[in-house]
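*Asks:* The following block contains a protein sequence and its predicted model.
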Amino acid sequence: MIRLENLVKDYGTVRAVDHVNFEIRDGEILGFLGPNGAGKSTTLKMITCYLSPTDGNIYVDEDNVIENSLEIRKKIGYLPEQNPLYAEMLVYDYLKFVADIRQVKNFKARLKEILDLCGLHGVVQKPIQTLSKGYKQRVGIAQAIIHDPEILILDEPTSGLDPNQIVEIRELIKKLGKEKTLIISSHILQEVQAVCDRIVIIHEGKIVADGSSDELKADMNKRMTVKLTLNATPEEVDTMISFLGNITLKDMKQNHELTDVVLEFDSIIDRRPDIFNYVKKNDWIMYEMHRDDVSLEAVFRKLTIEGGK
């Protein structure tokens, strides 16, 4: 487990990280979001022991960054936003170089595992400078995991990639997430929503949100809106609403033999199973039921631009 306790980082009179507290559980994929200058990269660099905190502490298991930085570095693989590649080297030579620094034993066996996982067999004898941006990112991830770390930190792993490359890297991240604790910093909210178990949002050095994508959206909108299409009459729909209770009818339109319905209820208790069971019990046909959801983009904007108001 990774634990940040009252973490502070000052650059002169500028406070980049302001008393940050959160935990990352073993095996969790955490999305770390924030606008430019919010303190994301600074926080990640402190977790990796690249920077020292001004105040507070970070614990990885029972080791802390102040007293046990070398032990923590052994447990972490890191891909910074600026991919640390030596462009003139062959992929093989670069990975061998990193493996030697990391004191990787049985390099040949580990290299085969990495090439399989990252899809690098076809370029392993090519100079890095000749590779596409997508393959360079794969090489960057390969160097981060060559020593088989428990924790993997990826800072903007899909920055500058085309849509196909983004999908490829996203699939690679999902594979890695099955066996490692991952922290991913990204500006692509759809990416974070697709691969992360939990999201932490930082703004002006402070944590402003922490939870799953659904929890963050529910916090913003305490009421859930559900749209239905049924082969029931408006009168029958009214009876259902009265029977179930604590559901508000927002709109209802009859379209030939079907009825389009918009319902709203407190998002703390999801009433969709109750609605489904009622429809099934009365032998109606439900052609559609979907949640009219608040987007993660709207949550992010409200917390980082509108100040959560």
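*Replies:* Looks like it came in fine.

*Asks:* make it CA atoms for all contacts and neighbour counts henceforth
*Replies:* Noted.

*Asks:* what distance separates the helix-or-strand element of the chain with minimal mean pLDDT from the centre of its chain?
*Replies:* The helix or strand of the chain with the lowest confidence, counting by mean pLDDT, DSSP states H and E, is helix 213-220 at a mean of 78. Here the centre of helix 213-220 is set off from its chain's centre by 14 Å, with C-alpha atoms, centre = their mean, to the nearest Å.

*Asks:* Pull that helix out as CSV, backbone CA atoms only.
*Replies:* What follows is helix 213-220 as a C-alpha-only set of coordinates in CSV (Å, rounded to 0.1, in the frame of the first residue of the first chain):
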residue,chain,number,x,y,z
SER,A,213,-16.0,7.5,-11.6
ASP,A,214,-19.6,6.7,-10.7
GLU,A,215,-19.1,8.0,-7.1
LEU,A,216,-17.6,11.3,-8.4
LYS,A,217,-20.5,11.8,-10.8
ALA,A,218,-23.0,10.8,-8.1
ASP,A,219,-21.5,13.4,-5.7
MET,A,220,-22.1,16.0,-8.4
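
*Asks:* Report the buried residues of that helix.
*Replies:* By neighbour count with 16 or more other C-alpha atoms under 10 Å, helix 213-220 contains the buried residues 213, 214, 215, 216, 217, 218, 220.

*Asks:* contact partners of it?
*Replies:* 193, 197-199, 209-210, 224, 267-268, 293-296, 299 (C-alpha atoms under 8 Å, 6 or more residues apart in numbering).

*Asks:* got it, and stretch 228-243?
*Replies:* Taking C-alpha under 8 Å, 6+ apart as the rule, stretch 228-243 contacts 247-249, 252-254, 257-262, 278, 284-290.

*Asks:* Helices - which of those residues land there?
*Replies:* Judged by DSSP state H, the contacts of stretch 228-243 include residue 278 as members of helices.

*Asks:* Mind checking which of the contacts of stretch 228-243 are buried?
*Replies:* 252, 258, 259, 260, 261, 262, 278, 286, 289.

*Asks:* Out of those, give me the two with the largest separation.
*Replies:* Longest distance between any two of these is 17.8 Å, between 252 and 278; criterion C-alpha to C-alpha.

*Asks:* what's the helix ranked longest in the chain packed up against?
*Replies:* Within the chain, and with DSSP H defining each element, the longest helix by residue count is helix 163-177. On a contact count with 3 or more C-alpha pairs under 8 Å, 6 or more residues apart in numbering; DSSP states H and E, helix 163-177 meets helix 133-145, helix 189-195.

*Asks:* any idea which of the ones you listed scores lowest on pLDDT?
*Replies:* Lowest mean pLDDT within the helices and strands packed on helix 163-177: helix 189-195, a mean of 83.

*Asks:* how about that one: buried residues?
*Replies:* 191, 192, 193, 195.

*Asks:* Now that residue 31 has come up, it's in contact with residue 184, right?
*Replies:* Yes - with contact defined as C-alpha atoms under 8 Å, residue 31 reaches residue 184; the gap is 4.9 Å.
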